[in-house]
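# Curious how this folds, go ahead:
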Amino acid sequence: MSMDGKHKPVLILGAAPRISVAIARSLDRLGIPVEIAYFLDGEKGLHSNAIRASHRLPHKDPQLIQALCDLIKNRGFDMLIPTSDTSLALVAQHHFVLKKWLHPICPKPEIVDRVLNKAETLAIAERCGLNIPFSCMVSRPQDLEGYAGKLQFPVVVKPAERRAQSFKVAYFPNAPELVAFLTANPHGPMLVQEYCPGDGVGIEILMHQGIALATFQHRRLKEAPATGGVAVMAIAEEVEPMLGQAAFDLLRAMEWEGPAMVEFRYDRKTGRTALMEVNGRFWGTTSLPVLAGLDFPRYTWELAHGIHPAIPEKYRVGMRWRWTAGYVDRFHGVMTGLRAKVGPSPSRLRTLAQVPLDFSPAIRDSLWSWSDPKPAIVELADTLLRWIKADAKSLVKKLVPGKFLHDRGIYYRLGPKAGPIYARLRAADAMGIAIDNRRLVPAGARSFVFICHGNIMRSPMAERMFKRAVVEHGQDDVQVCSAGMHALPGREAHPYALRVGREMGLSLDHHRAQPMTEELANKADAIFAMDFQNKAELLARFPQAEKKIFMLSAYADGPRRYREIDDPYFGDEDEVRDCYALIQTCTHNLARSLWPVDQFAAAHGAGTVR
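Numbering: from 1, shown residues only. From the prediction side, this is the model:
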């Protein structure tokens, strides 16, 4: 119960200030107690006079839903409002459980799926006669082959499913950049769409039993990032009949119940519209219609409690709105050199000149309130602090030698065991006292293992070259193999390694990667590391083999002796050629040191190597 004993409290699921605080303030004006629960990375509790308490929930199910249900039962909430796609998906997934305790502002799961699944959204929109951009679903670069000639650049890329945390949207001006993105894609299926010019226009509707009780329209004036993203400045407009009807038709076809925003791209010059997406929950500009006279959170609560809302026929058209923290993000991006991938890049001079106009008293802030200033102050302070830290880090990178930062990154990545060993090796090398790196393999060694990171470039070629050298020196019963400290079993050699190997008359076509193991370490007479990272990891994982571990570069000539054989994985074919030339020198000198030529006559013929 609330303080006045009339209303039970409401729980908002999600802590994005510009959404959750707007909802909380709206309900607080009705005397309804509001609390916040949050579970996404990067979210934290909100402090507002309109929010009674904030609760951190576990990140993932089943602990998440159990904690949420316990919270609902213990605190006596009678309504749950999701404010992000991830929280909407969670509420939909457990809809029937949650309905036992309260009103979840979320339709049935099958209806929510029509919004969260972009392919299904577009299919319904197409049946409704809405114009949709050319779209295709891809996960890997190979998937693009089926759309050759159909896909026109630039393109917009979004996650196909909006259920989990991920990026919102990305733009690619050409095929190579899109291919590079898909090659390293960790997000699963992607929706690739043609880019549609025009303004971002949102149609917000409160649907109830197939009727649009309230409809509002806003147009984006500025976005963050400036190249395209979320609204940081917007204006309230009269509903464009064509857009309002299209949004209503789509939501009715989806059987949607409750608040939603349908987003379009609207080119006023040509009159062309294109559907972008549907947000099946409260949106980033929630406070704008409230400030303009349409209180969507209030009407939503009233409907859930059997009260017919008194909705005005008009709202204040022309009201301008600003999300200040987002505006700072946009401003910082433009001032630090953000360049648009699509369309013209924002002008720094024009952006700077517009700041006084954009902070005119006539423009309403998404969060600021004289009676409740803390949410706006905290969010702006967090944003400024984040950029100060990022800029300081960027400055350090410019002032501190890149090699130092690179080595520092490796140190932390290697962990508490191998990291200090790597630091010692690197420091000794810098001071020119790397005596341990000069150790040579004693005569009589018959089992050799060559090590690199992934066993797909350096070590397999060292294995092949040394096997050839063994045969040339007429040695019998010598065992040679290669492995990787982080090898994926069965992985083929890198394409560059295959091509350069063929040039040198050494085929890696049948090579398959294998990880370094305890068994290999115990059986080997000599284990060769290519770089200090390999050596540090070998010493950390196989301390019993310390006396067997050598640097292959100990057999190099000239200034490269005792140093490292750098990984050419991120280089080009010329770098692979340079690397292989060095490995060839090292393996040749290694064989000569073990089996001097004058000890063997050409008549010895070929030996046996395994």
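
# so how far is the lowest-mean-pLDDT helix or strand in the chain from its chain's centroid?
For the chain, counting by mean pLDDT, DSSP states H and E, strand 170-172 ranks last in confidence among helices and strands (a mean of 83). Between the centre of strand 170-172 and the centre of its chain there are 13 Å (C-alpha atoms, centre = their mean, to the nearest Å).

# Over to stretch 182-189?
With C-alpha atoms, centre = their mean as the basis, the distance from the averaged C-alpha position of stretch 182-189 to the chain average is 10 Å.

# what sits against residue 194?
With contacts taken as C-beta atoms under 8 Å, 6 or more residues apart in numbering, residue 194 has the following neighbours: 133, 134, 135, 151, 152, 155, 156. Yep, even glycine has a C-beta here, placed from its N, CA and C like the rest.

# ok so, going back, the least confident helix or strand of the chain pairs with which strands?
Applying DSSP bridges, strand 170-172 is found paired with strand 155-159 (antiparallel).

# so for the helix or strand hosting residue 581, what's the average pLDDT?
When secondary structure is defined by DSSP states H and E, residue 581 falls within helix 573-594. Model confidence over helix 573-594 averages 95 on the pLDDT scale.

# same question, stretch 191-198
Per-residue confidence for stretch 191-198 averages out to 87 on the pLDDT scale.

# Same question for stretch 442-459.
95.

# The stretch of helix or strand residue 398 belongs to: which residues count as buried?
Under the criterion DSSP H and E, the helix or strand holding residue 398 is helix 374-399. Buried residues in helix 374-399, counted by 16 or more other C-beta atoms under 10 Å: 375, 376, 378, 379, 380, 383, 387.

# ditto for stretch 101-121
Along stretch 101-121, these residues count as buried under the neighbour rule (16+ other C-beta under 10 Å): 102-107, 111-118, 121.

# which one of these is nearest residue 245?
Distances from the buried residues of stretch 101-121 to residue 245 were compared by C-beta to C-beta; the smallest belongs to residue 121, at 17.6 Å.

# So which residues make contact with stretch 543-554?
437-441, 450, 462, 521-522, 524-530, 535, 538-539, 542, 560-565, 582-583, 586-587, 590.

# Mark which of those residues are buried, thanks.
For these, burial is judged from neighbour counts taken by 16+ other C-beta under 10 Å, and it is met by 437, 441, 450, 462, 521, 524, 526-530, 535, 538-539, 542, 561-565, 582-583, 586-587, 590.

# Just the ones of those residues in helices?
For the buried ones among the contacts of stretch 543-554, the ones inside helices are 462, 521, 535, 538, 539, 582, 583, 586, 587, 590, with DSSP state H as the criterion.

# Enumerate every residue touching the second one.
I take that to be residue 521. Contacts for residue 521 were tallied using C-beta under 8 Å, 6+ apart; they are 449, 527, 538, 542, 544, 545, 548.

# my guess is residue 328 is in a helix, correct?
Yes. The assignment for residue 328 (DSSP: H, G, I helix; E, B strand; the rest coil) places it in a helix.

# Could you report the distance from the closest residue to it other than its chain neighbours to residue 369?
Counting by C-beta to C-beta, 6 or more residues apart in numbering, residue 383 is the residue found nearest to residue 328 once chain neighbours are left out, at 5.2 Å. Computed as C-beta to C-beta, to the nearest Å, the residue 383 to residue 369 distance reads 18 Å.
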